[in-house]
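Engineer: Predicted model and sequence below, questions to follow.
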Amino acid sequence: MGVSRGGGGRQSAEWWSNEEVRETVNEKQKAYAAFRSYTSEEEKGVWEATYKAAKKLAKKAVAIANNNAYERLYQRLKTKEKRICSSWRGPEKGRQGT
């Protein structure tokens, strides 16, 4: 008891990510850090607008990259689907419940 078993970390699904996504997310993180570091309302308002714009761009870049990656994946599966489906016959009728 009382000993951590590790784990609990967030797993990153970056197989679909590219350099553009990494750059835009990094810019968003820098804008957020700048937004949080200022204390005066005037400076904070300027950085808040910058952060919101960066957040919007990063969200769009992530969505586009994710969509493109899944399209490529589905195209690859479509070409290999005939071989995969023809070799798999499913469970035999007599072996159900094994």
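Structural biologist: Good, I have the coordinates.

Engineer: thinking Val62 is in contact with Val21, fair?
Structural biologist: Yes: the pair Val62 and Val21 qualifies as a contact (CB atoms under 8 Å) at a distance of 5.7 Å. (Each C-beta comes from the backbone N, C-alpha and C, glycine too.)

Engineer: can you point me to the longest helix in the protein?
Structural biologist: Of all the segments of type helix in the chain, defined by DSSP state H, the longest one is helix 41-87.

Engineer: If you count contacts, what does it end up packed against?
Structural biologist: In terms of contacts (3 or more CB pairs under 8 Å, 6 or more residues apart in numbering; DSSP states H and E), helix 41-87 is packed against helix 19-37.

Engineer: okay, now Tyr32: neighbour count?
Structural biologist: Per other CB atoms under 10 Å, the neighbour tally for Tyr32 reads 17.
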